[in-house]
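> Here's a sequence, model it:
(chains A and B)
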Amino acid sequence: MTKNLVIVESPAKAKTIEGFLGKDFTVKSCFGHVMDLSKKDLGVDIGNGFVPKYIISPEKKKVVTELKKLAKDAEKIWLASDEDREGEAIAAHLVDALDLEEQRTHRIVFHEITKPAILEAIGNPRSIDQNLVMAQQARRVLDRLVGFELSPLLWKKIRPSLSAGRVQSVAVRLIVEREEEIRNFEVSSAFRVVGLFPVKSGKKSVMMAAELNRRFNTREEALDFLQRSGGARFTVEDTETKPTRKSPAPPFTTSTLQQEASRKLGFSVANTMRVAQELYESGKITYMRTDSVNLSGLALNMAKKEITGTFGEEYVKIRNYTTRTKGAQEAHEAIRPTYLSNRTIEGDRSHKRLYELIWKRTIASQMADAEMEKTTVTIGISGAEEKFIARGEVIRFDGFLKVYMESTDDTEGEEGEKALPPIRTGEQLSLGEMTAEQRFTQQPPRYTEATLVKKLEELGIGRPSTFAPTISTIQKRGYVVKEDREGTLRPYLVITLKEGRIAEETRTEKTGFEKSKLFPTDIGTLVNNFLLQHFENIMDYNFTAMVEEEFDEIAEGKLVWNKMIREFYDPFHDQITGTLEGTRKVSGEKVIGTDPKTGERVLVKIGRYGPMVQIGEGEGGEKPRFAALKKGQSIDTITLEEAMELFKLPRNLGQHDGGDVVVATGRFGPYVKHGSAFYSLAKTDDPLEISLERAVEIILLKEKEEKGKIIREFAEEPGLRVLNGKYGAYISFNKQNFRIPKGKKAEELTLEDCRKIVSENEPTKSAKGKRKK
DNA sequence: CAGTGAGCGAGCTTCCGCTTGACTT
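Residues are numbered from 1 along each chain as shown, chains lettered A, B, ... in the order given. Below you'll find the predicted structure:
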């Protein structure tokens, strides 16, 4: 029996706090929300003031039973869920689910997990803020209404199992619209002129690079300028030196951690969160789902000590950062190492790397500004208006740069500027070399997972706990794919002036190369355009910000929650019924040309199984012909020529081992068929180009791989085999799988053993079987 | 796991935000 029961959200937090509080306190975790709207139906009684139908979440029943038992015997119950809208609702749901009486129940909050903060919280309990709870309820009900009315509309009008929601649909919109911008982008080019001037620096002679303050639009203008420069004199007209400073970035939040881990370590958003979760659970870092840039007083003291000890006192500058993120709730600290004296940790490579990133960012945030000196040299050209400008930078005091430099998203950033050689106004310079290089304007960048999170956060859409799941949802639904794209080679012109002679040369560079970027799929584009056409309000980038304002008013007691919902819902529901009755099924169908052979119309659309091309429409008794689009192709951009190519499959490549080898494209992409067996092609194989030799190679490789999987097989019973799978050995019997009992060695199983296991055990459920149930 | 693209109908899918394990072939 315990005197005091404290309930927090996270089990790792519970463990830490228990250590602060002594033997009269038992600290338990409720693992987040314990109640939610029923999932069987809408879960909201629309006709009756939107009364929510809350149930104890099925996966939380066990926790609730256990907490209820502990609460029954406790003198006091302290609800210590997070201090934000969701946390307040969790506390209210706990009161409900555990049948807590008011006089025994206290609500406490703290922003940092330190002993003084906890003790202060215990000393200042309050009651549950019902206004805040109602604000959460409004948020929850709104999301349910939007999600559970829009999604079924998509099932009817586009395809089953699709989904839409306040957050995910806007995330998809960002990606679709960025792709449109890229498609409509018109590349232009201009000539950038750089002069190299030999200058004495001590005893050595170095080349000083300076860029012309004007770019030329055409080759002729650039050529003309270089010709005129052949006999020109170059004079230093001005040198200017200015001190500048650079400040460190604030400590990590969830979103900035995801961005930097992506840029610096190449981690996906999901991977970053998995590793961070493990660091948190092992006590190495503070909580990883936060929107706060605040550090506790304890952390600041540790930082001061660590920086002083390692770099010296002049490197310390304690700073208070304030968040600028829309809708931030700041229930936690920023993400930081628990102990700043640990510069590194034991563990595998990804844990070490992420930890060190967090350490550096935290430490740097409390360090002095870097102090620089920027020098600008202006060089005049006799007989020309234009000037050459050389820029240099010297670091006078490195400050935080000793530890950490934030990276930027654009890859084509300026190279780090170096110091300029000593130079005086009035000095005459000779020209070493001058080049005019054709440069192209850059299309807008595609989103990565991390830059999409950044954009969502800027718009105030989504929360630290949902960024990673949202990114994975829009990929799982097939709205968006994360892919690499091969670049193409692009020629560009370089004109050089050296020793009075002009030379022209064409070089090539790679352009359009993409790595792990988000691309919209055809279905993603179709769903987006459909929603945009009929639900512009929900798809508005400001929709979340606008409803958040109303949630705030509810939290302040200025607005009644179900009145707000009523005002949203009535027109929204009219939109739903209007669209349901007023539109037909959409498939994105459009004609892209006519078949040069038959003159039939060729059209593209999204069919039952995805994007496809169709020749003819079944008029005049002719059956239409169909072909699925290849990966990376889109009904928006495919040309007639590319579409006709797709009808060259299936191809018969020839004979192997007494059977035809046929290549075609199926449900799961391109494959080779030999006899009754199918073999998938590798990503690098093109089904239209592949040779018989390569196809046979694929067949033999797969056969070899299959053999490697077999641990045991029995001549008497061909359907029964012991196989080696991803999760270890298992028994396969007529397409059903069985676990091998503990203590038995797979290699030593006899036919009798296997038959016994099969007859006495239930087969394991496959993911498919589960879904059917 | 595989080469489809008629139409019908039963039964299913779906949201956002809090939290971690259980489980997989």
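
> in the host helix or strand of A:L452, what counts as buried?
For A:L452, the host element (DSSP states H and E) is helix A:449-458. Of the residues in helix A:449-458, A:E449, A:A450, A:T451, A:L452, A:V453, A:K454, A:K455, A:L456, A:E457 count as buried by neighbour count, 16 or more other C-beta atoms under 10 Å. Yep, even glycine has a C-beta here, placed from its N, CA and C like the rest.

> Put together JSON lines for the residues you listed, with pLDDT on each row.
Compiled in JSON lines, the buried residues of helix A:449-458 are given as follows (pLDDT from 0 to 100):
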{"residue": "A:E449", "pLDDT": "98"}
{"residue": "A:A450", "pLDDT": "98"}
{"residue": "A:T451", "pLDDT": "98"}
{"residue": "A:L452", "pLDDT": "98"}
{"residue": "A:V453", "pLDDT": "98"}
{"residue": "A:K454", "pLDDT": "98"}
{"residue": "A:K455", "pLDDT": "98"}
{"residue": "A:L456", "pLDDT": "98"}
{"residue": "A:E457", "pLDDT": "98"}
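
> quick one: which of those is nearest A:T244?
Of all these, A:T244 sits closest to A:K454, with 25.9 Å by C-beta to C-beta.

> For the closest one, which residues are in contact?
A:K454 makes contact with A:S255, A:Q259, according to C-beta atoms under 8 Å, 6 or more residues apart in numbering.

> Please apply the same query to A:S350.
A:L265, A:F267, A:N271, A:V275.

> If you rank those residues by neighbours, which is first?
Neighbour count (other C-beta atoms under 10 Å) singles out A:F267 as the most crowded of the contacts of A:S350, with 24 neighbours.

> I'd say A:D636 and A:I523 touch.
No - using C-beta atoms under 8 Å, A:D636 is not in contact with A:I523, being 11.8 Å away.

> The two: which is more packed in?
A count of neighbours by other C-beta under 10 Å puts A:I523 above the other of A:D636 and A:I523, at 20 against 17.

> which residues sit in contact with that one?
Going by C-beta under 8 Å, 6+ apart, A:I523 touches A:I158, A:R159, A:L162, A:G478, A:Y479, A:I606, A:G610, A:P611.

> Can you get me a residue count around the first one?
In terms of burial, A:I158 registers 18 neighbours under the definition other C-beta under 10 Å.

> same thing with the fourth one?
A:G478 sits with 16 neighbouring residues when counted by other C-beta under 10 Å.

> and the gap between it and DNA strand B?
Relative to DNA strand B, A:G478 is positioned 11 Å away (C-beta to the nearest atom of the strand, to the nearest Å).

> list the contacts for that residue?
A:G478 is in contact with A:T521, A:I523, A:G524, counting by C-beta under 8 Å, 6+ apart.

> Which ones among these lie within helices?
Per DSSP state H, helices hold the following members of these: A:I523, A:G524.

> The helix or strand hosting A:D484 pairs with which strands?
Using DSSP H and E, A:D484 maps to strand A:480-485. Sheet partners assigned to strand A:480-485 using DSSP bridges are listed as strand A:514-520 (antiparallel).

> what mean pLDDT does the strand it pairs with have?
Strand A:514-520 carries an average pLDDT of 96.

> Check what contacts that strand and list those residues.
For strand A:514-520, the surrounding residues in contact (C-beta under 8 Å, 6+ apart) are A:172, A:175-176, A:179, A:268, A:446-449, A:452, A:479-485, A:487, A:528.

> ok, so what distance separates A:A138 from A:V170?
As judged by C-beta to C-beta, to the nearest Å, A:A138 and A:V170 stand 19 Å apart.

> same check, this time on A:F519
17 Å.

> Same check on A:L629?
27 Å.

> which of those two has more neighbours?
Using other C-beta under 10 Å, the more surrounded residue of A:L629 and A:V170 is A:V170, with 24 against 21.

> Let me know whether the more buried one touches A:N537 as I believe.
No - using C-beta under 8 Å, A:V170 is not in contact with A:N537; the gap is 11.7 Å.

> where does A:T579 land on pLDDT?
At A:T579, pLDDT is 96.

> Kindly report the residues of the stretch 201-350 of chain A close to DNA strand B.
A:Q277, A:Y280, A:E281, A:Y287, A:R289, A:Q329 (C-beta under 7 Å from any atom of the strand).

> now, which of those residues lie within helices?
Reading helices off these with DSSP H, I get A:Q277, A:Y280, A:E281.

> Dump these to a markdown table, plus neighbour count.
A markdown table is the format used below for these (neighbours: other C-beta atoms under 10 Å):
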| residue | neighbour count |
| --- | --- |
| A:Q277 | 15 |
| A:Y280 | 19 |
| A:E281 | 14 |
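
> Can you identify each of the helices in the stretch 651-773 of chain A by residue range?
Secondary structure of the stretch 651-773 of chain A (DSSP state H, counting those that start in this stretch): helices at A:692-709, A:751-760, A:767-772.

> Tell me which of those helices lies nearest to DNA strand B.
Of all those, helix A:767-772 sits nearest to DNA strand B, with 4.0 Å by C-beta to the nearest atom of the strand.

> Quick check: closest non-adjacent residue to A:D99.
A:K68 (7.1 Å; C-beta to C-beta, 6 or more residues apart in numbering).

> So which of the contacts of A:I523 are in strands?
Members of these lying in strands (criterion: DSSP state E): A:I606, A:G610, A:P611.

> How about the residues of the stretch 451-600 of chain A by DNA strand B?
A:I461, A:G462, A:R463, A:P464, A:S465, A:T466, A:P469, A:T470, A:T473, A:R477.

> Which pair of those residues spans the longest distance?
So, these by C-beta to C-beta: farthest apart are A:P464 and A:R477, at 22.0 Å.

> so A:K317 sits right up against A:S365, yeah?
No - in this structure A:K317 lies outside contact range of A:S365 using C-beta under 8 Å: 9.5 Å.

> So those two - more neighbours on which side?
Taking other C-beta under 10 Å, A:K317 and A:S365 do not tie; A:S365 has more neighbours (26 against 16).
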